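1. need a structure here:
(2 chains)
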Amino acid sequence: MIEANGLTMRYGKKTAVDDVTFTVHPGRVTGFLGPNGAGKSTTMRLIVGLDHPTRGTVTVNGRRYDQHRAPMQEVGSLLDAKAVHTGRSAYNHLLAMGATHGIGKTRVREVIEMTGLETVAKKRVGGFSLGMGQRLGIASALLGDPHTLILDEPVNGLDPEGVVWVRNLVRFFAGEGRTVFLSSHLMSEMALTADHIIVVGRGKVLADAPVAEIVARAAGTTVRVCSPQAARLVELLAGPGITVTSTTPQWLEVTGSTARKIGEVAAAAQLVLHELTPVNASLEEAYMALTQESVEYHSTSTGLKRLHPDDPTHPGAALALSGTEGQTR
Amino acid sequence: MSTDALAPPAATSSQAGSRTNDVRLTFPRVVKSEWIKFRTLRSTIWTLAITLALMVGVVALLSAIGASQSDGRETGNGSSIVVLTAATALAQLAVTILGVLVITGEYSTGMIRSTLAAVPRRLPALWAKGVVLAASIFVVSSVAVAVSLGIMQLLLGAKGQAPDLGDADTARVLVGVPLYLTGIALFAFAIGAVLRHSAGALATVIGLLLVIENLFLFPWKPFQLISPFLPGTAGSRIMTPQAQIDLMSQAARAQGSVGAVLSPWQGYGVLLAWVAVLLTVAAVLLRRRNA
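-> This next block holds a predicted model:
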């Protein structure tokens, strides 16, 4: 269990994490979702003590990470696939990491095998591709057979097989009752992997709920209706929590109701329906709706530029979904 | 991932039961980890090899020159040991580079984040690095001294100019060489830990040892007061024969120097004090700074 309480991190004038409070429970996969610069990586660095919070606390299973007798057994973390000396082989890197906790060659070979690094284990890490580096990072996280797994953008640079493998791995870990916390800026990946999602933007928690609820909350369920008597139907549907929008005379988009209810209302009033289609907001849409206001950066050829959140035409929000997360700071 | 890896990752826990008992972070283990890191980098091995080659090479060269220029009539007064002092002055560059890179290499590659995630209290990692560095340098430079002695015996022995191992001052120099190199390596290491950048730290240490300290030899009163306490000047006393020290202090006094004259062990103490202060600063910064 990871518990963050009023966690705040400032770098100079910039507030990377702003009074964040959340709990990551064992036995399920918790996704940590947000656009670039939302504070995901910083929060994870704070959990394992790489950064010191300006304010607030964060504990893993009731203690600060550095207070544990066997930190690597408590938390396995992949925060940065590049946190490896480029001149050392993957095997030796893992051997050195494990040695701090008395973890020996047997386990090192095990995690190498698990992550499919056998063929490159004796090669120097400097020549690794992004995907191989990522696997090495995951191998390192698994070394201590930890109770808690923290992975920052674990599928970055992995091939489809690798993505599936990571998904299975974290599901398996959670199934064993361990705590899994993984970040991504890809909603679709989260939807397939996570049970629960914490959405952050601009250093603040925007949502903390089960996946289904996030989708429902952010977009609701829309039903598309086509009827020659659309105007009459609008009158009948009117009620609390129900919104009807219309773009063309016969077409309605109804939120806050269900296709079934609308169909019944129409039948009772003997109205003709040409179409009645429930439209589930995609997870991407849900995510965009949540983070729209908090997308902080968008890339330009000249570097980083502040995005005006009230400018809906700005491409920043879309870029946050397709770009790869910057790991350097 | 290979297809095998797609199999249920049951292996994650299959071995857990047997291992969990003693999986724990301890200082000796951190030292072991640092030793693995130290020996698994080619740069480390190369630098140590260069240190060894440099010392032995310079000793061999100077001894050969000495042997060829000696007519054999001067009987050995043991002053040939000064050859070793000269070789060490050169070898200290290699040692300095190693001392700096051991720590700054982790910062430049990002490795430090893995290290500190594994050793979140941080200081054990710093001390362990220091221990591994000091032990390695001490051992390698001791070997270099032993090999050098053999070479001197070979080249100068016949002329009676090989160092006299029975002489207390000579013995102190022989021990002093590894001690000096170890001290300088730790000094460089501490600077590296404070500055965290390879180039900056190297420039600082080498600039200090080779340029600044020589500038301070300029006969100007404030310089004369400070000079004996600079790390290289002070520390190198431990590997300088007494005869040489006497010669230097006589020359200095002739120039009207007001600077202190430190004994070999006092000088070495000053170097160690530099190391202690800088390592303390490095430790405080390591605890405080974000990795």
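
2. Counting residues, which helix of chain A comes out longest?
-> As assigned by DSSP state H, the longest helix anywhere in chain A is helix A:160-175.

3. and it, what does it pack onto?
-> strand A:29-33, helix A:130-142, strand A:148-152, strand A:179-184, helix A:187-193, helix B:3-6, helix B:11-14 (3 or more Cβ pairs under 8 Å, 6 or more residues apart in numbering or on different chains; DSSP states H and E). Just so you know, the C-beta spots here come from the backbone N, C-alpha and C atoms, and that holds for glycine as well.

4. So for A:L182, what's the nearest residue that isn't a sequence neighbour?
-> A:L151 (4.3 Å; Cβ to Cβ, 6 or more residues apart in numbering or on different chains).

5. same question, B:F223
-> B:F216 (4.6 Å).

6. Next, count neighbours for that neighbour.
-> Neighbour count of B:F216, defined by other Cβ atoms under 10 Å in any protein chain shown: 20.

7. just A:A212 next, same as before
-> 11.

8. Just the local confidence number for it, please.
-> What the model reports as pLDDT for A:A212 is 79.

9. quick one: the host helix or strand of A:A209 to strand A:29-33, angle?
-> Under the criterion of DSSP states H and E, A:A209 resides in strand A:204-210. For strand A:204-210 against strand A:29-33, the angle by axes from the mean of the first three to the mean of the last three Cα atoms, to 10 degrees is 150 degrees.

10. Just the buried positions in strand A:204-210, please.
-> A:204-208 (16 or more other Cβ atoms under 10 Å in any protein chain shown).

11. That one packs against which elements?
-> strand A:14-24, strand A:196-201, helix A:211-219, helix A:283-291.

12. please redo it, this time with the cut-off set to 6 Å
-> strand A:14-24, strand A:196-201 (3 or more Cβ pairs under 6 Å, 6 or more residues apart in numbering or on different chains; DSSP states H and E).

13. So which of the ones you listed is the most surrounded?
-> Greatest average neighbour count among the helices and strands packed on strand A:204-210 goes to strand A:196-201 (a mean of 25), per mean count of other Cβ atoms under 10 Å in any protein chain shown.

14. mind listing what that strand pairs with, with the direction of each?
-> Applying DSSP bridges, strand A:196-201 is found paired with strand A:29-33 (parallel), strand A:204-210 (antiparallel).

15. how far does stretch B:91-100 sit from the chain's center?
-> From the chain centre to the centre of stretch B:91-100 is a distance of 6 Å (Cα atoms, centre = their mean, to the nearest Å).

16. Cross-check the contact I'm expecting between the residue nearest to A:L182 and A:F181.
-> No: contact criterion Cβ atoms under 6 Å: A:L151 and A:F181 do not qualify, at 7.4 Å.

17. hey, where'd the strands end up in the stretch 201-329 of chain A?
-> In the stretch 201-329 of chain A, the strands defined using DSSP state E, counting those that start in this stretch lie at A:204-210, A:221-226, A:243-245, A:251-255, A:275-280, A:297-300, A:303-306.

18. what about the strands in the stretch 101-250 of chain B?
-> Going by DSSP E, counting those that start in this stretch, the stretch 101-250 of chain B shows no strands.

19. what does it put close to chain A?
-> By the rule Cβ under 6 Å from any Cβ of the partner chain, the part of the stretch 101-250 of chain B lying against chain A is B:109-111, B:113-114, B:117-121.

20. contact partners of stretch B:29-39?
-> A:95-96, A:99-100, A:102, B:44, B:119, B:124, B:128-129, B:131-132 (Cβ atoms under 6 Å, 6 or more residues apart in numbering or on different chains).

21. Now for A:A121: which residues touch it?
-> A:90-91, A:112.

22. in chain B, which ranges drop under the pLDDT threshold?
-> Along chain B, segments meeting pLDDT under 70 span B:1-21, B:70-79.

23. Spatially central residue for it, please.
-> Centroid check for chain B by Cα atoms, centre = their mean gives B:A185 as the closest residue, at 2.8 Å.

24. circling back: which two in the residues of the stretch 101-250 of chain B next to chain A are spaced the farthest apart?
-> B:T109 and B:R121 (21.8 Å; Cβ to Cβ).

25. of those two, who's got more company?
-> B:T109 (19 against 15).

26. quick one: buried residues of the helix or strand that B:L272 is a member of?
-> Assessed by DSSP H and E, B:L272 sits inside helix B:264-288. Neighbour counts using 16+ other Cβ under 10 Å place B:264, B:267-272, B:274-275, B:278-279, B:282-283, B:286 of helix B:264-288 among the buried residues.

27. can I get those in JSON lines with distance to A:F173?
-> Formatted as JSON lines, these follow (distance: Cβ to Cβ, whole Å):
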{"residue": "B:P264", "distance to A:F173": "60"}
{"residue": "B:G267", "distance to A:F173": "58"}
{"residue": "B:Y268", "distance to A:F173": "54"}
{"residue": "B:G269", "distance to A:F173": "54"}
{"residue": "B:V270", "distance to A:F173": "55"}
{"residue": "B:L271", "distance to A:F173": "51"}
{"residue": "B:L272", "distance to A:F173": "49"}
{"residue": "B:W274", "distance to A:F173": "49"}
{"residue": "B:V275", "distance to A:F173": "45"}
{"residue": "B:L278", "distance to A:F173": "43"}
{"residue": "B:L279", "distance to A:F173": "40"}
{"residue": "B:A282", "distance to A:F173": "37"}
{"residue": "B:A283", "distance to A:F173": "36"}
{"residue": "B:L286", "distance to A:F173": "32"}
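
28. can you put those in a markdown table and add distance to chain A?
-> Formatted as a markdown table, these follow (distance: Cβ to the nearest Cβ, whole Å):
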| residue | distance to chain A |
| --- | --- |
| B:P264 | 38 |
| B:G267 | 36 |
| B:Y268 | 32 |
| B:G269 | 33 |
| B:V270 | 34 |
| B:L271 | 29 |
| B:L272 | 28 |
| B:W274 | 28 |
| B:V275 | 25 |
| B:L278 | 23 |
| B:L279 | 20 |
| B:A282 | 17 |
| B:A283 | 15 |
| B:L286 | 12 |
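
29. ok, so of these, who is nearest A:V272?
-> B:L286 (75.6 Å).

30. Next, count neighbours for B:A260.
-> 16.

31. from what I can see it touches B:P228, true?
-> Yes: contact criterion Cβ under 6 Å: B:A260 and B:P228 qualify, at 4.8 Å.

32. hmm, back to that, would you mind measuring from the residue nearest to B:F223 to A:V279?
-> B:F216 sits 80 Å away from A:V279, going by Cβ to Cβ, to the nearest Å.

33. ok, now B:G200?
-> Distance from B:G200 to A:V279, by Cβ to Cβ: 59 Å.

34. Likewise for B:L272?
-> 75 Å.

35. re earlier: can the buried residues of strand A:204-210 go into CSV with extra columns for pLDDT and distance to A:G31?
-> As requested, the buried residues of strand A:204-210 are exported to CSV (pLDDT from 0 to 100; distance: Cβ to Cβ, whole Å):
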residue, pLDDT, distance to A:G31
A:K204, 90, 17
A:V205, 92, 13
A:L206, 87, 13
A:A207, 87, 11
A:D208, 92, 11
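
36. any idea which residue sits dead centre in chain A?
-> Short answer for chain A (Cα atoms, centre = their mean): A:L33, at 3.0 Å.

37. Surely that one and A:V199 touch.
-> Yes: assessed by Cβ under 6 Å, A:L33 is found in contact with A:V199 at 4.9 Å.

38. and the closest residue to A:G126 other than its chain neighbours, what is it in contact with?
-> Of all residues not flanking A:G126 in the chain, A:T86 sits nearest, at 3.4 Å (Cβ to Cβ, 6+ apart). By Cβ under 6 Å, 6+ apart, the residues touching A:T86 are A:125-126, B:109.

39. Sounds good, over and out.
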